[in-house]
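All I have is the shape, not the residue letters:
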């Protein structure tokens, strides 16, 4: 099965669905990443690109695509939709993971909104959360107990971002672990990632 | 895998998730039904019990449980919750199907609300729709193209209800087929049933 | 009474409110159409313009306006709002029909959003649905039993689009009929179109 | 046309839809009132019954029905639904007005919820607001400029309630006038009542 | 200032608003607790009553009231509302904390719903969350960094409940800490409790 | 304490939060205003700038900033976000007031959406309402009884706008007074402004 995860910036995907992707990747599914900007607003883009490449490798991703857009300047328009459609055509995913529509960061909103349009023929589209997401009530949970340590490794590979949490004394690793526990007890397991479905066509 | 579908009245389950149950049953899963009332308000309860038994048989259900409550008098209280918990304990389901919370019929509301409480340890709980449901925006779709005819047979087995649609000249068979097409194009297939998840713990 | 229906592409209006417009037109109201793009992404725009003209004629529309925007490139901005305002000024509608705000297609979102602003002085504004619409819970229903066949004729006149439903083996005619039945039983009639009001000032 | 307005207590109907009822009544429609309790918790029930009778007379109501339930003890159950159904059968309304589902007062919640079930065959059902209602976003507005003074008279006839607004120095008359202005500018007129439709089948 | 926290069972209050109450109590406000049932379904009620008393003492509560209702049998009715009103009259709170309306546990739903009615004259009413709460999107955050350890002590005093989390290997202490971190980064601090306001009248 | 109120046009701020700002200003807080356009679409911009300056002076504002954008052309993009961020950096507010996300006017939508992004590090962000706002359910209320007259003075200082209410015979002063009464009874006081929190970090 082919899976495509789309994020506005390096490390969005890892926080939101890194655990699920690790599980898909390790059971043999083909995981592809599309990162729409190189995150130049948060750190030197060369560093962030390298971090993303290392993370994609650790994740076992079959491919890493770059959108080539500018950090903080994503807009829900035809250009962005066409770029996502291009990668969708190349990777033929059965599942697509997207940023969520309600988010404090404008790039996340644009990425989500354009993703909804660009994935209109895909049978399963799931939204993930990052720390700036709001009004997010997941109903799909994935148990990530066995891969939590490796999910944290993915986040550590984005070394330039680990301490950029807007909160003094809080690392992204603590955020991700707390989020995993919080979504875990909602999903009735120790650690989980939570998703909200735009659309799932379930196989029986 | 064990699956439990719960309905307030005979034929709720068939309309809402009869197609999905047929697919589960035919691939070898154990399907159980819990019907909370015998629907005595809509027709002679003896007739409706017989219809439900025939339908359960055609569906290949492993068991049919009756709640023993009175039609139109279901209330979201401890007694109803305990009854559902009892059947949950007996059938050990991995998936439970429920009526939805927003519905014009008071029994559907009570059945849904009590079901939410009684299934608190179950890892997957899905709401289904019937014609009186409202504010229902499904995000989980099941392709029922191969079983649509048999779903209609299930509904025909509830012969006393086929013409009770509140709409002149409309049968439950036409309603179910239109609903399947409507949910189908939302789910990108010809015929589908749509569900809204209270909670899904997905296996990867 | 003057009525203005606005659609992002040729055939949006017909699917969403073609039945209601037929009824308004036939009782003597003046129906105007504003189609914002010529739908060049879905087929040759010359063909689609011709199809829309034929459909407007069959509908008995008093006027067909073109927005002149490019298919897939609609944006909720001043230019789009001004164009809609211009047609509102010309047609002085008492009722305006719009695409809905939650929709997979970016043009539908932009058309709806700009329409909300451009119709700020209009006393009745209703949203309609098309197959890509979501989170749409109509509370206004129009009985279209007597005009269903003619509504399907309107859709057939958009011949280039009849089979473009994203679903194998499904025509737009089947979609529209199923939708009419589905909304019908919600509205307690055999066939209906469903609308969601932004605002209705009711005459008593 | 027959119209039925249902309220949990004397004066609920007048605040929520007194203006619309005056307009219906004066153009010749048959307006019926069903008041579910005699409001004994707010004042002597004999006084409140008399006030309600006077108000019904001033309104030109064709009939005033009493539910006979106890103030503050309404419950959404079969007994309440059957009582409403009984009056629905007697009055054969084309429009029913109901309290709203989200309300601080338990009787309003029960009255609304039971009303949704009991009016399942009625083609138009509208929710109205009172001062304790919340999450109420009306989309149907009725111009009450010509009847505002008479609406205030209706409220004055409930003399025991005029100063019972929970707010020091505020009368129900000021509340109703402010509400009319507030809903008025939303509906683009000077004074309006706002309604939320459960379901409208519109005649064209 | 007087503050009243209401919970369906022993330890609901501590999980949901124990940190905020500790801060109120320590700056000199009068904190009162109302626990509606003795939680006899989760453990011996004598043990749970003792645990609650110890927790109230550690919290510095000025008073602990018991509702005397039976665990799992709370219903949103006049009896429950009157009990809450009685304690509201005795404690004259400026702030009331309540369970939330959407919750898997029926007692939490009833407690929240009845609380909404019983606190109708109170100027500030806040909903808190427990692990069974859903659709809860807080917009009010209280920094609990300085009292997190003591909040965990409150939960430890409910010793019979520490391991009853429905999740293998998860304690209520881990749940509460993860929740504090999750709500913390939403509120821009290290540890927070999140609340949703029914109504706040802010002093300036 | 520093407070920043942001509005798309002159007089948005005064209608939405003029009363609260008067109270903050008069107790000694530093109130800053950022008006994103000079409202040239509604009247001569020179007049509107002068009106806004007079209003800011009467309000006791410490500073009035202009965004320099064109009326009716605001877009939620990086340029707008950067402008707001610039004023946020200069004024270091503890509270920010914003237009609301659901609004008929495109500038209000853009202002709100961009404001959500630009205030991501601010601990309290509140949305206010104007007459074009919809789906606005405030849960934070500020008593403005003592400053209502002065709030109306603020609105009168925008003399070019007093009669521009879209409703014949209605002034902005009547709208504001009715809104204050309507939100007042929701907040249990005579006159109030209502707000919806994006995020409040409460000090205890």
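Thanks, I have the structure now. Just so we're clear, the structure is a prediction, and the values are computed from it rather than from any experiment.

And the longest strand along chain A, what does it pack against?
Using DSSP state E, we find that the single longest strand of chain A is strand A:192-202. Helices and strands touching strand A:192-202, by 3 or more CB pairs under 8 Å, 6 or more residues apart in numbering or on different chains; DSSP states H and E, are helix A:12-26, strand A:124-127, strand A:140-143, helix A:172-187, strand B:140-143, helix B:172-187, strand B:192-202. In this view, the C-beta of every residue, glycine as well, is placed from N, C-alpha and C.

All the strands of chain A, residue numbers only.
Under DSSP E, chain A gives strands at A:2-7, A:30-37, A:63-69, A:95-98, A:124-127, A:140-143, A:192-202.

now those strands in a markdown table, with mean pLDDT?
Conversion of those to a markdown table gives the following (pLDDT from 0 to 100):
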| stretch | mean pLDDT |
| --- | --- |
| strand A:2-7 | 98 |
| strand A:30-37 | 98 |
| strand A:63-69 | 97 |
| strand A:95-98 | 98 |
| strand A:124-127 | 98 |
| strand A:140-143 | 98 |
| strand A:192-202 | 97 |
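
coming back round to it: how about the helices and strands packed on strand A:192-202 in JSON lines, adding mean neighbour count?
Shown next, in JSON lines, are those (neighbours: other CB atoms under 10 Å in any protein chain shown):
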{"stretch": "helix A:12-26", "mean neighbour count": "26"}
{"stretch": "strand A:124-127", "mean neighbour count": "24"}
{"stretch": "strand A:140-143", "mean neighbour count": "24"}
{"stretch": "helix A:172-187", "mean neighbour count": "22"}
{"stretch": "strand B:140-143", "mean neighbour count": "24"}
{"stretch": "helix B:172-187", "mean neighbour count": "22"}
{"stretch": "strand B:192-202", "mean neighbour count": "23"}
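
ok, back up a step: now the strands of chain A as TSV including distance to residue C:50?
Converted to TSV, the strands of chain A look like this (distance: least, CB to CB, whole Å):
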stretch	distance to residue C:50
strand A:2-7	38
strand A:30-37	39
strand A:63-69	38
strand A:95-98	37
strand A:124-127	35
strand A:140-143	46
strand A:192-202	34
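
By proximity to chain D, which residue of chain A wins?
residue A:135 (15.3 Å; CB to the nearest CB).

right, and that residue touches residue A:102 too?
Yes - at 4.3 Å, residue A:135 counts as touching residue A:102 under the criterion of CB atoms under 8 Å.

More neighbours: which of these two?
Neighbours per residue (other CB atoms under 10 Å in any protein chain shown) separate residue A:135 from residue A:102, with residue A:102 holding more: 17 against 11.

Let me know whether stretch A:167-183 sits next to chain B.
No - counting by CB under 8 Å from any CB of the partner chain, no contacts exist between stretch A:167-183 and chain B, the nearest distance being 10.7 Å.

Would you mind listing what in chain A touches chain B?
Residues of chain A found near chain B (CB under 8 Å from any CB) are A:20, A:23-24, A:27, A:121, A:123, A:139-143, A:186-189, A:192, A:196-202, A:204.

any idea how far residue D:42 is from the closest residue to residue A:167 other than its chain neighbours?
Distance criterion CB to CB, 6 or more residues apart in numbering or on different chains; nearest residue to residue A:167, sequence neighbours excluded, is residue E:185 at 5.5 Å. Using CB to CB, to the nearest Å, residue E:185 is found at 47 Å from residue D:42.

Now do stretch A:130-139, average pLDDT.
Mean pLDDT, stretch A:130-139: 96.

Is that stretch positioned near chain C?
No - for stretch A:130-139, no contact with chain C is found by CB under 8 Å from any CB; the gap never falls below 13.1 Å.

Look at that stretch and report the distance between its end residues.
With CA to CA, to the nearest Å applied, stretch A:130-139 spans 16 Å between its terminal residues.

Centre of the chain to that stretch, how far?
13 Å (CA atoms, centre = their mean, to the nearest Å).

neighbouring contacts of it?
Stretch A:130-139 has contacts (CB atoms under 8 Å, 6 or more residues apart in numbering or on different chains) with A:12, A:15-16, A:99-100, A:102-105, A:108, A:127, A:129, A:165-166, A:172, A:175, A:179, A:183, A:186, A:194-197, B:139, B:196-200, E:134-135, E:137, E:185-186, F:120.
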